[in-house]
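J.: Next one to model:
(one chain, ligands or ions: 2)
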Amino acid sequence: MTDSASPFSGRVAVVTGGGSGIGRAVATRYGAGGGTVVVCGRRREPLQETAEQIRAAGGRADAVVLDVRDADAVATAFATVRERHGRIDALVNNAAGNFVCPGEKLSPGGWRAVIDIVLNGTFHCTRAAADTMLGQGSGSVLSVIASYAWHGHPGTVHSAAAKAGVLAMTRTLAVEWADRGVRLNCIAPGPTETAGAGAALWAEPASRERVLASVPQARTAGTGEIAEAAAFLLDDRAAYITGEVLTVDGGQWLGKQVYGTPLAQVREAGDDRR
Ligand SMILES: CCC/C=C/C(=O)SCCNC(=O)CCNC(=O)[C@H](O)C(C)(C)COP(=O)([O-])OP(=O)([O-])OC[C@H]1O[C@@H](n2cnc3c(N)ncnc32)[C@H](O)[C@@H]1OP(=O)([O-])[O-]
Ligand SMILES: NC(=O)C1=CN([C@@H]2O[C@H](COP(=O)(O)OP(=O)(O)OC[C@H]3O[C@@H](n4cnc5c(N)ncnc54)[C@H](OP(=O)(O)O)[C@@H]3O)[C@@H](O)[C@H]2O)C=CC1
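T.: Ligands and ions are numbered 1, 2, ... in the order given. Okay, the predicted model is just below:
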């Protein structure tokens, strides 16, 4: 059993897109839990900043420049992590690209840009991590998706299709690798305060208002809340959980189903009966 204060002690995680937002928070949480973290992404500076923050807090971290779309570069990077650290216990597939665009206006290049990062990149990293994880007989892969993977959402056909593919990949490989000690799960955050999502999805005050109105808890998530849920799925408390999705969204997607009528209207109807 692991020490509850340092559940990741002696373990090594790779976090894609670890230079910003949710990826940085998950990497920092893993480092605070005693693990060694390798953060990767395309821009060196934010990665180094994350690694320095983790080291300043007493943890161990490396920054590796990597484009997850490049399968050969991914294979080389993961082999280097194994050589350098001896093992890979966790992979967090967090890197993503996104923008809002109506389906009929999306160009083939726009479709490809998102599918390549989110779906193909996740496969390349999962495949490369599995080389080590299946060999050592243990490992945990966590992919960051979004609830529109199963309910869809206007303006996000590229991202929703890519995230749905990641979910199907997770469930498929969870079964293939279950008896070889490797677990795969997804986490589906709701609207979370990050510079990337803010710029890509709710840059205008009106769109931000609409997003907030869609969340029954009426607020966005902090990156630390997502990281805490991710840490649970990565550590041994979740040893019997595989092929699952943990939704951390303040009730947003359930609200879409339950509140076919806006909640305020439902409450008004209740007032009439009293
Ligand atoms: C609930 C929320 C859930 C999820 C949240 C998140 O994921 S938050 C995470 C958010 N974080 C991030 O997104 C961070 C990372 N984001 C990125 O790297 C970029 O935003 C990227 C995804 C465009 C990829 O960059 P890149 O350098 O590889 O791409 P490029 O510039 O060379 O363009 C490639 C193609 O895309 C086209 N196109 C581009 N923009 C638009 C648009 N607005 N409209 C229409 N089309 C657009 C562009 O025209 C071109 O197609 P063409 O003309 O060749 O047919
Ligand atoms: N914030 C939100 O509201 C929600 C976010 N999510 C998901 O959470 C995850 C993190 O998003 P968030 O933190 O908000 O956004 P960010 O934009 O901060 O994070 C995206 C990260 O992905 C990295 N990245 C992008 N393309 C590549 C690539 N080709 N190779 C390697 N790394 C790449 C970026 O680094 P660089 O540019 O340096 O490569 C960046 O660090 C994503 O999977 C997103 O879909 C899901 C639901 C809601």
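
J.: what's the spacing between K256 and ligand 1?
T.: Computed as C-beta to the nearest ligand atom, to the nearest Å, the K256 to ligand 1 distance reads 12 Å. (C-beta placed from N, C-alpha, C; glycine too.)

J.: Can you give the contact residues for the helix or strand where that residue lies?
T.: K256 is part of helix 252-258, with elements assigned from DSSP states H and E. By C-beta atoms under 8 Å, 6 or more residues apart in numbering, the residues outside helix 252-258 that reach it are S147, H151, A188, G190, P191, S214, V215, P216, T247, L263.

J.: Of those, which are in range of ligand 1?
T.: P191 (C-beta under 6 Å from any ligand atom).

J.: Now render the contacts of helix 252-258 as JSON lines, adding neighbour count.
T.: Shown next, in JSON lines, are these (neighbours: other C-beta atoms under 10 Å):
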{"residue": "S147", "neighbour count": "21"}
{"residue": "H151", "neighbour count": "11"}
{"residue": "A188", "neighbour count": "23"}
{"residue": "G190", "neighbour count": "24"}
{"residue": "P191", "neighbour count": "21"}
{"residue": "S214", "neighbour count": "18"}
{"residue": "V215", "neighbour count": "18"}
{"residue": "P216", "neighbour count": "17"}
{"residue": "T247", "neighbour count": "19"}
{"residue": "L263", "neighbour count": "13"}
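
J.: between the contacts of helix 252-258, which is closest to ligand 1?
T.: P191 (6.0 Å; C-beta to the nearest ligand atom).

J.: any idea where the strands of the stretch 1-150 of the chain begin and end?
T.: 12-16, 36-41, 60-65, 90-93, 139-144 (DSSP state E, counting those that start in this stretch).

J.: export these to a markdown table and tack on mean neighbour count?
T.: As requested, those are arranged in a markdown table below (neighbours: other C-beta under 10 Å):
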| stretch | mean neighbour count |
| --- | --- |
| strand 12-16 | 29 |
| strand 36-41 | 28 |
| strand 60-65 | 20 |
| strand 90-93 | 28 |
| strand 139-144 | 26 |
